[in-house]
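K.L.:
test case, fold it:
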Amino acid sequence: MSEQSPAEDTREGYPDALPEYAERVLEVAERIPPGRVMTYGDVAEWLEEGGPRQVGRVMALYGGAVPWWRVVRSDGVLLPGHELRALGHYRAEGTPLKEAGRSTEGHLPRLDMRRARWDGGAGAEGHT
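P.N.:
Prediction:
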């Protein structure tokens, strides 16, 4: 029989507090305007910390409370397992899409990254 110690979280006495990096990633996701997207790498570059995999991990664990569909893969492919939910958001927000060709598996569109990608320009106050 092994003895387990309770998990310790030293962040300001809040056991449910997010790690600081996760908070920063989610703040960037919230700033992305409707109809626009940033890649995982764009978010990491914006923060000047981490990389696409770290941002993806944060979004997978904590992204449900923010507009997760606005943080995307760089190739414009919709998030596997969440394609239809994301597509509904993209269509409602007017996010530029490239319609899928007949040979594309599932005939799902991709994001038009050239037109949909947001560089953090207008309304991006607070970038360091």
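K.L.:
pull out the buried residues from stretch 35-48.
P.N.:
Buried residues in stretch 35-48, defined by neighbour count with 16 or more other CB atoms under 10 Å: 35-47. In this view, the C-beta of every residue, glycine as well, is placed from N, C-alpha and C.
K.L.:
give me the below-cutoff pLDDT ranges for this structure.
P.N.:
1-16, 101-106, 122-128 (pLDDT under 70).
K.L.:
mind listing the strands for this protein?
P.N.:
Secondary structure of the chain by DSSP state E: the strands cover 38-39, 71-72, 97-98, 110-111.
K.L.:
distance to residue 65 for the ones you listed - can I get that in TSV?
P.N.:
Listed next are those as TSV, based on distance: least, CB to CB, whole Å:
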stretch	distance to residue 65
strand 38-39	17
strand 71-72	13
strand 97-98	25
strand 110-111	22
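K.L.:
so which of those gets nearest residue 117?
P.N.:
Residue 117 lies closest, by CB to CB, to one member of these: strand 38-39, at 7.0 Å.
K.L.:
quick check: residue 72 touching residue 38?
P.N.:
Yes - between residue 72 and residue 38 there is a contact under CB atoms under 8 Å: 7.4 Å.
K.L.:
determine which stretch of the strands of the chain is the most buried.
P.N.:
Ranked by mean neighbour count under mean count of other CB atoms under 10 Å, these are led by strand 71-72, which reaches a mean of 26.
K.L.:
distance from that one to the middle of the chain?
P.N.:
4 Å (CA atoms, centre = their mean, to the nearest Å).
K.L.:
can you give the strand pairings for that strand, parallel or anti for each?
P.N.:
strand 38-39 (parallel) (DSSP bridges).
K.L.:
got the contact list for the strand it pairs with?
P.N.:
Residues outside strand 38-39 that contact it (CB atoms under 8 Å, 6 or more residues apart in numbering) are 28-29, 32, 46, 52, 70-74, 113, 117-118, 120.
K.L.:
among these, which lie within helices?
P.N.:
Among those, the residues falling in helices (DSSP state H) are 28, 29, 46, 52, 113.
K.L.:
residue contacts, residue 117?
P.N.:
For residue 117, the contact set (CB under 8 Å, 6+ apart) comprises 36, 37, 38, 39, 42.
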